[in-house]
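K.L.:
one predicted model, sequence on top.
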Amino acid sequence: MTLESPPDDVTLYRQMLRIRRFEEKVLASFSSGIFYGTTHTYIGQEADAVGVLACHEEGDIVVSNHRCHGHFLAYGGSMHALAAELMGRATGVTGGRGGSQHVQWKDFYANGILGGTVPLAVGMALAEKSLNTGRVVFAFMGDGTLGEGVVYESLNMASLWSLPVLFVLENNRYAQTTPIQLHLAGEISDRFQAFAIPVAEAETVDVIEVFKLAQEAVVKVRTGEGPQALVLHTYRYGPHSKGDDTRDPEEVLKYRKRDPLQLQANRIDPDLCKRVEVEVETEVDEAFQRAQNDPLADPASLTLPLDPTP
Amino acid sequence: MTLESPPDDVTLYRQMLRIRRFEEKVLASFSSGIFYGTTHTYIGQEADAVGVLACHEEGDIVVSNHRCHGHFLAYGGSMHALAAELMGRATGVTGGRGGSQHVQWKDFYANGILGGTVPLAVGMALAEKSLNTGRVVFAFMGDGTLGEGVVYESLNMASLWSLPVLFVLENNRYAQTTPIQLHLAGEISDRFQAFAIPVAEAETVDVIEVFKLAQEAVVKVRTGEGPQALVLHTYRYGPHSKGDDTRDPEEVLKYRKRDPLQLQANRIDPDLCKRVEVEVETEVDEAFQRAQNDPLADPASLTLPLDPTP
Amino acid sequence: MNVLQALNGSLHACMAESERVYFLGEDILDPYGGAFKVAQGLSTAYPDRVITTPVSEAGIVGLGIGMALRGLNVVVEIMFGDFIALAADQIINHAAKLRWMSEDKVRIPLVIRTPMGGGRGYGPTHSQTLEKHFLGVPGLRVLAVTTIDDPGSLLKHAILEDNDPILFIEHKLLYTKALQPLNETSEFNLEKSGERYPVYRLKVAGSPPPTLTITAYGYMAELACQALQRLAFEYEVFADLVVPTQISPFDHHLLLESLAHTNRLLTVEEGSHTHGWGAEVLARVVEALGPRLQAKRVAALDMPIPTSGPLEKTVIPDVEGIIQAAREMIS
Amino acid sequence: MNVLQALNGSLHACMAESERVYFLGEDILDPYGGAFKVAQGLSTAYPDRVITTPVSEAGIVGLGIGMALRGLNVVVEIMFGDFIALAADQIINHAAKLRWMSEDKVRIPLVIRTPMGGGRGYGPTHSQTLEKHFLGVPGLRVLAVTTIDDPGSLLKHAILEDNDPILFIEHKLLYTKALQPLNETSEFNLEKSGERYPVYRLKVAGSPPPTLTITAYGYMAELACQALQRLAFEYEVFADLVVPTQISPFDHHLLLESLAHTNRLLTVEEGSHTHGWGAEVLARVVEALGPRLQAKRVAALDMPIPTSGPLEKTVIPDVEGIIQAAREMIS
Ligand SMILES: Cc1ncc(C[n+]2csc(CCOP(=O)(O)OP(=O)(O)O)c2C)c(N)n1
Ligand SMILES: Cc1ncc(C[n+]2csc(CCOP(=O)(O)OP(=O)(O)O)c2C)c(N)n1
Ligand SMILES: [Mg+2]
Ligand SMILES: [Mg+2]
């Protein structure tokens, strides 16, 4: 297996833009009451999901978290189904059962318990290794999730058994409202190295840089070198969920100036950029429109989680 | 506060010998059926408890684990009460409730859930720091306990808040029957350093060397430098609990040759050594004898764990 | 005053009253003040005793136990009750046992506060009523807030006047609900039994003797109040409602008093049906009353809590469900 | 053949039958074969599919879920049932929900085996009967072994023929007990209902119609068998004993059949009394039967399990306690 070159600039741009516009629409529509529950948007972090998942191959597994829309769209999930899921429609990814943070489709798994899915990711890697499928597990988590003990139990076993999993740590510098210096002692990369897991690290929102780092790491994982970690220092532009932003607006502004989309747009002919913009906006509008016209989830569709009869 | 010199050689020897002879007697007496439950002996690791706890001051807190007899005796716990506890007597440390691994007396706390007490230790350190008592918490754990996630949650908070706790990691190279290479990825010291906790480390059974390392670390803890870790590579000579030894006898023999007691005995006049031996043997015999003559725990002593009435 | 204000005010009062009160939790610093704002203002007023923590539920409960062991009165906030399972070992094997294991030499004055419940579309991992898995833990007290009387004083008793560990349940939908002070309600006759953690008995003011006894706690007590009125006015079914604040261990004294007249018991809870709180209530009452009790439980369906409104509404009990069950029992 | 041999044999058979069966646990490699030896020989026979793990209960259950998600049939051994609380989040929020959350698109063929129970003086953190806290988890099946019939086939069904997560309870004291094969017992009349996870009904052979129905699972079913005989021969009290292997969700069909005649129910369990398994059994039966049931529970005292023999014996139910409770109900 060799290092492949990244997808073309426009594709990368389009994918990031799809996430951006989708999320903007989610935030803008929230007050209209079309959604159930809450949401956590990915705006500002798009280069991570798109750069990393550009390396995923059919059959690879993605384990995501509460902030999963970006991962899901980059994985190839349906924008319409995601919108419908947020709106509690029968056509949602899980028929309205899971909502924003509990998305399961093909080999994509997201969940609202921070850290709780990390051992699942490692277990899936163990299964794939045992079955010799050559599949790689991508496990996304945030800086705050490094507070959860089960993450370390998982890192230990992933390393001990040399399992095919790439840990993608998105450090957006906050856990909800808590800045990293109030929740994390020491260095993020050391948390992986303490388990002898090699780390690649970057302070970047450049999707191509992310892709390259990810691809190097994924090749190692896929060729049996064992787990790798990718620590991506990034930033989210939006609030943690909806209205709960307590950060210094100056700080947000500073990071907004190094926008991953702008950076990638600069690599593209402006007219082409515009065209992509229009196409994506149309796609987002249509996805939302269609979802809104879909029927609400039907209580008759509910099933028991277990067959009760012996 | 200055570094104090270690206790005199005979005192150190006597303390280690008290543990050794107590534990030998425990193992030897088990088949006679005088005990309830099981036990985990400390034979071979005596230098750790004695060397480390020689640094403890009145009011300091000791958090121990399933293998607690050595810690308890070095802390100053009553040998008779410990023997009585193992025998389920009313005079036992906890009146026969806790047994071998659940020992609570003064500021000493032991428990049978691996790792579960580590956050308690850190919480106690937080309390002592808040109350400005100058007390230090000694938290003992084994190599296998590094498998438990809550340990890392605890290390993170201890470090974040610069709490007065000394983590004493006794690496006896096994978790029950599992050799360390099958349960631990990477280096033990890195597990602490990943949380920016300074580590002192030694491959030694020399009680004076242990004391010196511990004293240096404790001084740092006590003077507000925050948590420290001491990684002591050691070995247990006995089985994990009673009959369950699956290790290579050659390996056990190798480590038996660097016996902490022998090492310390070499520093002492042989006649004095003999006298100490006799005294300790008498002490152990008397402790057991007295305990065996004590009444069994009385069911009428049982109390509810909670007052049920509102 | 609403429940949120009462709880927040109580926390302020406790921290003012005793310097030994400490508060730990995730994202609890001002201006955020916790995901549900119960901690609002605390970190500004008591910066040294209000500690925002990493995302480590087991760890912070464990730390709270350690602090309590050393004599502090500790409040730990778990952001969503769904995460309490992460601290199960700390609660069951440490907090609840340490006093007993030490022959009462150590005590654990720890209050673990957490919001439970659905109704907001938060989905399967943020809408649960998981306290049922922590009922009947020897050594653990479980309290649940309602709007009745004074939830602030309930919390205060828990923090300042109890030396044993407490799981303190706050239903998310209660926060914005107005309190029903004991003496001011004209719609219900309200009787109170017990001081620290009272049990309340309500009936529709001026109603004839009850033929049914309903018992509910937390937010379901709210719904049961509504059901009580509609049962009386629309269906001429008259019921007693017994609302405990301490749901485990459960004191069935007042319930038995009411049942002595009605012999009919309906329990209502938001947790899933099987092995819920109501099971123990029924069991106790049957044991006590012998072969004359008719009983029924209203609870959530035995499945996770879905996000989509129509689904969530189907899974979680509502006023209609309570009324229907009550009517079935009477007919 | 004893229970240990049956379970060990079943594991061997499962691993031989399907290459998709994997086994994870702490200290399970030969020659040790696990703390209670249930895994003996497995690692020698199937070195690639038997994985000894670090001391990480949450982690290994989580890994098991992940493996199961990818189509393997996974058995995870938790060394002592007391440690299951460490995996509570993995069980409640992951294993039990994933199928439902995916609209049945994924399945979790996972068996978490663990020994529970006291009687060996292991003390407060190694003697508990904690399964009560995992009953009524939507999406989780809880099974419990007895000596009756074939515990090996129970385990085999769980591992190979069930695609949902299972908590599989083995009482420590059962391992060395001899099996009571269905057809060979002359002391009891034995009736079996259900295939995969049967419910059994026993009565003393040749006894007159029962006046009492006892239900118990696990090791307590053993004690209840002894009590049944002594009640019959010493006190002329004749009882039916209903023994489920699936304790949650609980199928009360056979129990109701028996109660239709006796109207008297005694539940027996080793877990602590309040909010135990018996509560749900009683509640269900009362709901079904209406005002004619007399009921009582025998269970452990509501306190931790002490180490010292005389104390432990006082806390945990014994045959005498069952007999006494039964006689009280009849008199
Ligand atoms: C077990 C658990 N604890 C707490 C939460 C509440 N919570 C949701 S997101 C979040 C912060 C997560 O921070 P991070 O891992 O950095 O991810 P980010 O939100 O920054 O993407 C918290 C505390 C949760 N969902 N799960
Ligand atoms: C939570 C938990 N899991 C498993 C066990 C069972 N157990 C008791 S001691 C032990 C090995 C501990 O190894 P280590 O920490 O190295 O201490 P050592 O026994 O070597 O002193 C295990 C697995 C336990 N007591 N608690
Ligand atoms: Mg973050
Ligand atoms: Mg060890």
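P.N.:
Everything's here; your move. Ligands and ions are numbered 1, 2, ... in the order given.
K.L.:
my guess is A:Ala54 contacts A:Leu12. True?
P.N.:
Yes. Judged on CB atoms under 8 Å, A:Ala54 makes contact with A:Leu12 at a distance of 7.0 Å. C-beta: built from backbone N, CA, C; applies to glycine.
K.L.:
how much space between the nearest residue to C:Leu256 once chain neighbours are set aside and C:Leu265?
P.N.:
Nearest non-adjacent residue to C:Leu256, counting by CB to CB, 6 or more residues apart in numbering or on different chains: C:Ala288, 5.8 Å away. C:Ala288 is 11 Å from C:Leu265, where distance means CB to CB, to the nearest Å.
K.L.:
between these two, who's got more neighbours?
P.N.:
C:Leu265 (27 against 13; other CB atoms under 10 Å in any protein chain shown).
K.L.:
C:Ile51 sits in which helix or strand?
P.N.:
Using DSSP states H and E, C:Ile51 sits within strand C:50-52.
K.L.:
just list whatever residues bridge to whichever residue of the stretch 101-250 of chain A sits closest to ligand 3.
P.N.:
Of the residues in the stretch 101-250 of chain A, the one nearest ligand 3 is A:Gly142, at a distance of 3.6 Å by CB to the ion. A:Gly142 forms beta bridges with A:Glu170, as assigned by DSSP bridges.
K.L.:
low-confidence stretches in the chain?
P.N.:
This is for chain A. A:1-3, A:309-310 (pLDDT under 70).
K.L.:
chain C is the one I meant
P.N.:
C:184-185.
K.L.:
and the residue of it found nearest ligand 3, how far from B:Met157?
P.N.:
At 9.5 Å from ligand 3, C:Val55 is the closest residue in chain C, using CB to the ion. To B:Met157, C:Val55 is 11 Å away according to CB to CB.
K.L.:
same thing with C:Ala39?
P.N.:
18 Å.
K.L.:
for A:Leu86, same thing?
P.N.:
Distance, A:Leu86 to B:Met157, by CB to CB: 35 Å.
K.L.:
same check on C:Val285?
P.N.:
Taking CB to CB, one finds C:Val285 at 44 Å from B:Met157.
K.L.:
OK, contacts around residue 52?
P.N.:
No chain was given, so I picked chain A. A:Ala74, A:Phe138, A:Phe140, A:Leu166, A:Val168, A:Val210, A:Phe211, A:Ala214, A:Leu230, A:Leu232 (CB atoms under 8 Å, 6 or more residues apart in numbering or on different chains).
K.L.:
please go with chain C instead
P.N.:
C:Thr52 neighbours (CB under 8 Å, 6+ apart): A:Thr178, A:Leu182, A:His183, C:Gly25, C:Glu26, C:Asp27, C:Ile28, C:Leu29, C:Ser43.
K.L.:
ok, which residues in the stretch 101-250 of chain A are in contact with ligand 1?
P.N.:
Within the stretch 101-250 of chain A, the positions adjacent to ligand 1 are A:112-114, A:141-145, A:172, A:174-176, A:240 by CB under 6 Å from any ligand atom.
K.L.:
these in helices, which ones?
P.N.:
Of these, none are assigned to helices by DSSP state H.
K.L.:
using a markdown table, lay out those together with neighbour count.
P.N.:
Below are these laid out as a markdown table (neighbours: other CB atoms under 10 Å in any protein chain shown):
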| residue | neighbour count |
| --- | --- |
| A:Gly112 | 27 |
| A:Ile113 | 28 |
| A:Leu114 | 27 |
| A:Met141 | 23 |
| A:Gly142 | 26 |
| A:Asp143 | 25 |
| A:Gly144 | 26 |
| A:Thr145 | 23 |
| A:Asn172 | 22 |
| A:Tyr174 | 21 |
| A:Ala175 | 25 |
| A:Gln176 | 22 |
| A:His240 | 25 |
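K.L.:
before we move on, back to that, what about the following helix or strand past the strand holding C:Ile51, near ligand 2?
P.N.:
Downstream of strand C:50-52, the first helix or strand assigned by DSSP H and E is helix C:57-69. No. Applying CB under 6 Å from any ligand atom, one finds helix C:57-69 separated from ligand 2 by no less than 11.7 Å.
K.L.:
any idea of the angle helix C:57-69 forms with helix D:57-69?
P.N.:
Calculated by axes from the mean of the first three to the mean of the last three CA atoms, to 10 degrees, helix C:57-69 forms an angle of 160 degrees with helix D:57-69.
K.L.:
other SSEs contacting helix C:57-69?
P.N.:
Other helices and strands packing on helix C:57-69, by 3 or more CB pairs under 8 Å, 6 or more residues apart in numbering or on different chains; DSSP states H and E, are helix B:118-130, helix B:149-160, strand C:21-25, strand C:73-77, strand C:110-116.
K.L.:
what's the burial count for C:Val277?
P.N.:
For residue C:277 the amino acid is Trp, not Val. By other CB under 10 Å, neighbour count at C:Trp277 equals 32.
K.L.:
where is the longest helix in the chain?
P.N.:
As the question left the chain open, I've gone with chain A. Chain A, longest helix under DSSP H: helix A:270-293.
K.L.:
sorry, I should have been clearer: chain C.
P.N.:
helix C:219-235.
K.L.:
check whether the helix or strand following it contacts chain D.
P.N.:
Scanning forward in sequence from helix C:219-235 by DSSP H and E, the next helix or strand is strand C:239-244. No. Strand C:239-244 is not in contact with chain D by CB under 8 Å from any CB of the partner chain; minimum separation 13.7 Å.
K.L.:
contacting residues around A:Gln192?
P.N.:
Quick fix: residue A:192 reads Phe, not Gln. A:Leu155, A:Phe167, A:Leu169, A:Pro198, A:Val199, A:Ala229, A:Val231.
K.L.:
let me see the backbone angles for the residue nearest the centre of chain A.
P.N.:
Nearest to the mean C-alpha position of chain A, by CA atoms, centre = their mean, lies A:His71 at 2.9 Å. Phi and psi for A:His71, reported as degrees, to the nearest 10, are phi -60, psi -40.
K.L.:
relative to ligand 2, how far out is it?
P.N.:
Distance of A:His71 to ligand 2, computed by CB to the nearest ligand atom, to the nearest Å: 33 Å.
K.L.:
in the chain, which spans are strands?
P.N.:
Assuming you mean chain A. Ranges of strands in chain A, per DSSP state E, are A:61-64, A:104-105, A:108-110, A:137-142, A:165-171, A:174-175, A:178-179, A:199-203, A:228-233.
K.L.:
right idea, wrong chain: chain C
P.N.:
For chain C, applying DSSP E gives strands covering C:21-25, C:50-52, C:73-77, C:110-116, C:141-144, C:166-171, C:188-193, C:199-204, C:212-216, C:239-244, C:246-248, C:264-272, C:294-300.
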